[in-house]
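*Asks:* Everything below, folded, please.
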Amino acid sequence: MQVSVEATQGLEKRMTVELPAEKIEGEVKKRLQSMQPKLKLKGFRPGKVPMSVVEKQYSSQVRQEVTNDVISSSFYEAVANENLKPAGMPKIEDQEATDSNLKYTAVFEVYPEIELNDVSELKIEKVTAEITESDIDDMVEKLRKQRTEWKTVDRAAENGDKVTCDYKGTVDGESFAGGEGTDLPVVIGSNGMIDGFEDALLGATVGQTVEMDLKFPENYQSEDVAGKDVHFTVTVKSIEEPILPEVDDEFVKAFGVEEGGVEAFRAELKSNMERELEKTVKNKVKDVVMDALLAANDIEIPRSMIEQESARVAEQMNEQVKQMNPNMPAGMQQFKAEHFEDQGKRRVALGLLLSELIKANDIKASADKVRAEIDKIAASYHDPKEVVAWYYQDKNRLAEVESMVLEDQVVDWILDNAQVTDNMTTFEEIMKDSR
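*Replies:* Below is the predicted model:
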């Protein structure tokens, strides 16, 4: 086998392979001979078809199969001999067969050579926070507002009131799609409408018509009116004020707290908030670590890997859309791979860098941490033991958890070796950024 390799552009290689024809012919003859005893052809007894007939009927098909198999096996043998690491499948070009040899060219990309920069030079800011009594008060207030009841009032509209109204909007004197409606509930101060709409209702009374001259934001969902001036004529039909429930034993029972009253309720809230804070901080720190790793290591990425990963993300997103919209017409694709190219590129780059980091520092998933993670997952199910067994009975399922644990261990390793500074902030700030 003769092999020559040409570097084209970036990580792409053109490898030409030349093989002696007898490698093909010998295998073709062998396969045809193995077929003969099993063949059943009209006019011949089973297994008694003459070899000349077998060759005439099947040699072309078998030769193509053998050629494909030989190209595949010789490609991997050649890249191994040349110390190349293909990224993705090769594209076979210029295939040429003669009586003396088989020649083809394989075009493919290779994995980049990665030399990681010193992790100790990374500067990472680690956010952290503590749950305060004020944070718990804010959470209680949010839960009260979720159970708001509305009472009709006979007065002018105030901030926080729910105003039900009919409206008609025009742009340049013309009506537009979605610009007219009845019985629209507007909570003043909720920022649920475009700028100025809610403020214009302050002081309005039932039966009053309010004229508004406003402007749609540039990024408004309807492109037809985005950024344009709009005139609304709004008629107030009713005004209601919010009535919030008292925080007492009856209130906390609605959240499953049967004993211990408000004190037990606040303690449970704090526990839930701490779990949510821990999860959010962990994800934020991981993102910061990954950003720092990417910024410190600018690597060339195989285009084929980016395309594959982008397509995988698009497929996942389309599947989610399909689950949320089961009646969506079959074959209707909401997202395409090119929509997720940046995300695909980031995933591939991080995968390559983390793989190199794991190999260079011999980082392995801790069996104890894997078990702890599975126990945590299983704890939310009716029969945790059954869930634990379910994970350990399947190597693929177990590998998914091992991969998660390994990634967490890599993040911890980087934090142990990088220059880390703590940034103390508030629960509200951390959770606001994550929404």
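
*Asks:* Give me the phi and psi for residue 5.
*Replies:* When read as degrees, to the nearest 10, the backbone of residue 5 gives phi -120, psi 130.

*Asks:* Could you give the number of residues near it?
*Replies:* Applying other Cβ atoms under 10 Å, we find 15 residues neighbouring residue 5. Using the backbone N, CA and C atoms, a C-beta is placed for each residue, glycine as well.

*Asks:* What residues are bridge-paired with it?
*Replies:* Counting by DSSP bridges, residue 5 is bridged to residue 15.

*Asks:* and if you look at residue 102?
*Replies:* residue 19, residue 97.

*Asks:* Check whether it really touches residue 69, as I assumed.
*Replies:* No: using Cβ atoms under 8 Å, residue 102 and residue 69 do not qualify as a contacting pair, with a distance of 11.7 Å.

*Asks:* more neighbours, the two?
*Replies:* Legend: neighbour count by other Cβ under 10 Å for residue 102 and residue 69, higher for residue 102 (21 against 13).

*Asks:* May I have the predicted confidence score for that one?
*Replies:* On the pLDDT scale, residue 102 is placed at 88.

*Asks:* residues touching it, list them.
*Replies:* Listed by Cβ atoms under 8 Å, 6 or more residues apart in numbering, the contact set of residue 102 reads 18, 19, 20, 21, 23, 24, 67, 70, 71, 95, 96.

*Asks:* Make JSON lines from the residues you listed and add pLDDT, neighbour count and distance to residue 159 to it.
*Replies:* Putting those into JSON lines (pLDDT from 0 to 100; neighbours: other Cβ atoms under 10 Å; distance: Cβ to Cβ, whole Å) gives the following:
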{"residue": "18", "pLDDT": "91", "neighbour count": "15", "distance to residue 159": "82"}
{"residue": "19", "pLDDT": "88", "neighbour count": "20", "distance to residue 159": "82"}
{"residue": "20", "pLDDT": "88", "neighbour count": "13", "distance to residue 159": "88"}
{"residue": "21", "pLDDT": "82", "neighbour count": "13", "distance to residue 159": "88"}
{"residue": "23", "pLDDT": "80", "neighbour count": "16", "distance to residue 159": "85"}
{"residue": "24", "pLDDT": "82", "neighbour count": "19", "distance to residue 159": "84"}
{"residue": "67", "pLDDT": "87", "neighbour count": "18", "distance to residue 159": "79"}
{"residue": "70", "pLDDT": "88", "neighbour count": "17", "distance to residue 159": "79"}
{"residue": "71", "pLDDT": "89", "neighbour count": "18", "distance to residue 159": "75"}
{"residue": "95", "pLDDT": "85", "neighbour count": "13", "distance to residue 159": "76"}
{"residue": "96", "pLDDT": "84", "neighbour count": "10", "distance to residue 159": "80"}
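
*Asks:* Which parts of this protein are strands?
*Replies:* All strands of the chain, identified by DSSP state E, fall at 2-7, 12-20, 86-97, 101-110, 123-128, 149-152, 162-171, 174-187, 209-215, 229-243, 419-424.

*Asks:* Now the fifth one: buried residues?
*Replies:* What that stands for is strand 123-128. By neighbour count on 16 or more other Cβ atoms under 10 Å, the buried set for strand 123-128 is 124, 126, 127.

*Asks:* Next, report how far that strand is displaced from the centre of its chain.
*Replies:* The chain centroid and the centroid of strand 123-128 are separated by 24 Å, computed with Cα atoms, centre = their mean, to the nearest Å.

*Asks:* which residue is nearest the centroid of the protein?
*Replies:* Central residue of the chain (Cα atoms, centre = their mean): residue 313, 5.9 Å from the mean position.

*Asks:* and which of the contacts of residue 102 is nearest residue 298?
*Replies:* Of all the contacts of residue 102, the one sitting nearest residue 298 is residue 71; the distance, using Cβ to Cβ, is 35.7 Å.

*Asks:* you'd agree the closest one is up against residue 92?
*Replies:* Yes: assessed by Cβ under 8 Å, residue 71 is found in contact with residue 92 at 6.3 Å.
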